[in-house]
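Enquirer: compute the structure for the input listed below.
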Amino acid sequence: MLAEYTGSRALNNYPSGSTISYYKNQLYLMGDDAASMLILDKDFNIQQEVKFFSSDTPRIKKTEKADIESSEWIIENNEGKLWLFGSGSLSPQRDKAFRYDPHTKNVKHIELGSFYRKLKSSVIPELNIEAAAKVKDVFLLGSRGNLTYPQNYIIQVSADHFPPESASRITPLNLPDAAGISGMSYLQDQDMLLITSSIEYTANAFDDGEIGGSYLGIVHDISTKLAGAEIKPDEWLDLAALHPDFTLQKIESICTYKSENPKYVTAILVSDDDMGGTRLFSLTLKVEYGLGQIS
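Expert: Okay, the predicted model is just below:
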């Protein structure tokens, strides 16, 4: 198979998995209403728990949560720092970024209100940052659409200036099947951008809705397409068609790491069932050939 499903695991005591990233043989998982970030090994065993917020409840209240939905690593002075982003869908609670230093274990809270206000006054009618990826010297943020404003957007900022202050470009992201972007991961060797997306029947960026299907798309030669008038997947995979375990799973994020065979990469996906449940999925992708063409 060009994309092979290799298993999944539920994390029953960790709420609302929303973004996952990979760095130096470890997975970093954050939930949008969780008080702590989990660090796991490749077999999904929990190694550490990093406190981000104080909370008296297992899940932070919806009106109070920072709604961390995306994350990516930035190399600073030859050391990786994990940046996590609030969605910006409710001000001021969600207008923040968080910078985690794996060496000091320190979590720094950073205000993004000015940056998010500029985005909200641009072409984006309702901001909802759900995805992040670094493509060479450009940092990408993905804003998700909804039933009222269905257009998704890719926001480009300089990866050399963090925290971001303004967008250098905002490009429509056109996804099939009325799907909304939920995650991104960049494969540098292939210059591919992997995009996870899902269908959720909600009329705005704040409320949850009925869960539909989830999908995985590929944009080939993404670094050359960032200057285009639009971005759209070259290939598109219905995950439930790949394996029934994906049925009615709202995939929230994706990260990748290299396999021993250079023709393959491992992709880790995370889902949130809107009831506090988190599940991790593993795929093997034969990146040399892709996933199958869009019909």
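Enquirer: make it CA atoms for all contacts and neighbour counts henceforth
Expert: Will do.
Enquirer: nearest residue to residue 233 in space, please, no chain neighbours.
Expert: residue 219 (4.7 Å; Cα to Cα, 6 or more residues apart in numbering).
Enquirer: for the residue lying farthest from the centre of the chain, grab phi and psi.
Expert: For the chain, the largest distance from the centre (Cα atoms, centre = their mean) belongs to residue 56, which lies 26.9 Å off. Main-chain torsions, residue 56, degrees, to the nearest 10: phi -90, psi -10.
Enquirer: separation between it and residue 68?
Expert: 19 Å (Cα to Cα, to the nearest Å).
Enquirer: do residue 84 as well
Expert: Taking Cα to Cα, one finds residue 84 at 6 Å from residue 68.
Enquirer: also residue 238?
Expert: From residue 238 over to residue 68 (counting by Cα to Cα), the distance is 25 Å.
Enquirer: what's the answer for residue 4, then?
Expert: When distance is defined by Cα to Cα, residue 4 is 29 Å away from residue 68.
Enquirer: neighbour-wise, which of those two wins?
Expert: A direct count of neighbours by other Cα atoms under 10 Å for residue 4 and residue 68 places residue 68 higher, at 27 against 15.
Enquirer: next, count neighbours for the nearest residue to the more buried one once chain neighbours are set aside.
Expert: With sequence-adjacent residues excluded and distances taken as Cα to Cα, 6+ apart, residue 68 is closest to residue 86, at 4.2 Å. Neighbour count for residue 86, taken as other Cα under 10 Å: 25.
Enquirer: residue 86 touches residue 97, doesn't it?
Expert: Yes. Residue 86 is within contact range of residue 97, at 5.9 Å (criterion: Cα atoms under 8 Å).
Enquirer: so residue 189 sits in a helix?
Expert: No. Residue 189: not assigned to a helix; according to DSSP: H, G, I helix; E, B strand; the rest coil it is coil.
Enquirer: what segments of the stretch 101-250 of the chain are helices?
Expert: In order along the chain, the stretch 101-250 of the chain carries the following helices (DSSP state H, counting those that start in this stretch): 113-120, 222-225, 239-242.
Enquirer: reformat those as a markdown table; add mean pLDDT, distance to residue 161 and mean neighbour count.
Expert: Output for those, formatted as a markdown table (pLDDT from 0 to 100; distance: least, Cα to Cα, whole Å; neighbours: other Cα atoms under 10 Å):
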| stretch | mean pLDDT | distance to residue 161 | mean neighbour count |
| --- | --- | --- | --- |
| helix 113-120 | 97 | 13 | 17 |
| helix 222-225 | 96 | 19 | 15 |
| helix 239-242 | 94 | 36 | 16 |
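Enquirer: contact partners of the helix-or-strand element of the chain with minimal mean pLDDT?
Expert: Taking mean pLDDT, DSSP states H and E as the measure, the helix or strand of the chain with the lowest value is strand 210-220, at a mean of 87. For strand 210-220, contacts defined as Cα atoms under 8 Å, 6 or more residues apart in numbering pick out 179, 190-202, 231-240, 246-251, 290-291.
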